[in-house]
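Undergrad: fold the following and give me the result.
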Amino acid sequence: MISESKLKDAERIVRITMILILLTAGTSKFFSQGGFFEYYSQLFQGDLRINLAPFLVNFYLELIPFIEILLGLALLSNKNKVYAVYGWFIFMLSLLFGHYILQEWSSVNQMLSYIFLGLLCLILPNHSFWFSRDISS
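TA: Okay, here's the model as predicted:
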């Protein structure tokens, strides 16, 4: 049987991983001098089976770095953890959908790993505080 303390440690590692993914991705997009936006905006204007209105795609592409930073910061809070994890699911599913539209099948498959990270974070118990361990059973 795995102790509750070890499960809480595992949750902390998963959540730190999610936070680093989000904050790194968000800040790299902010510092790409528009490269992220231009690249994906152009891809979505290509010959695709599903065509979305360019203003919707561009609006969402503009929001993505802000969403990533906000979700990363929200995951720092135990109080907001559940909401942040559901936000993570919605965000990752939107990215999965985008990669599906672009017919990037390997990216679609890779997105499943991010969904599983969120599932782990959701089901594992968390410590009361970031910098202390709840010692129990």
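
Undergrad: which residues touch the most centrally placed residue in the chain?
TA: Nearest to the mean C-alpha position of the chain, by C-alpha atoms, centre = their mean, lies Trp88 at 4.7 Å. By C-beta atoms under 8 Å, 6 or more residues apart in numbering, the contact set of Trp88 is Met18, Leu22, Leu71, Leu75, Tyr114, Leu117, Gly118, Cys121. C-beta coordinates here come from the backbone N, C-alpha and C atoms, glycine included.

Undergrad: how about the helices in this structure?
TA: Counting by DSSP state H, the chain has helices at residues 4-30, 35-44, 54-74, 81-101, 105-123.

Undergrad: quick one: buried residues of the shortest one?
TA: Think helix 35-44. Phe36, Phe37, Tyr40, Phe44 (16 or more other C-beta atoms under 10 Å).

Undergrad: in space, what's closest to the third one - neighbours in sequence excluded?
TA: Think Tyr40. Nearest in space to Tyr40, with sequence neighbours left out and distances taken as C-beta to C-beta, 6 or more residues apart in numbering, is Leu61 at 5.5 Å.

Undergrad: which ones are touching the one you found?
TA: Taking C-beta under 8 Å, 6+ apart, one finds Phe36, Phe37, Tyr40, Ser41 in contact with Leu61.

Undergrad: out of everything not next to it in sequence, what's closest to Leu102?
TA: Leu102 sits nearest to Leu43 (C-beta to C-beta, 6+ apart), 5.7 Å away.

Undergrad: thought the one you found was touching Gln103?
TA: No. With contact defined as C-beta atoms under 8 Å, Leu43 does not count as touching Gln103 (10.1 Å).

Undergrad: how far away is the residue nearest to the centre of the chain from Ser41?
TA: 24 Å (C-beta to C-beta, to the nearest Å).

Undergrad: and if you look at Ile115?
TA: 25 Å.

Undergrad: Leu96 reaches Met111, doesn't it?
TA: Yes. Between Leu96 and Met111 a contact is recorded at 4.1 Å, counting by C-beta under 8 Å.

Undergrad: give me the number of residues near the spatially closest residue to Ala10 that is not a sequence neighbour?
TA: Nearest non-adjacent residue to Ala10, counting by C-beta to C-beta, 6+ apart: Leu124, 5.7 Å away. Neighbour count of Leu124, defined by other C-beta atoms under 10 Å: 18.
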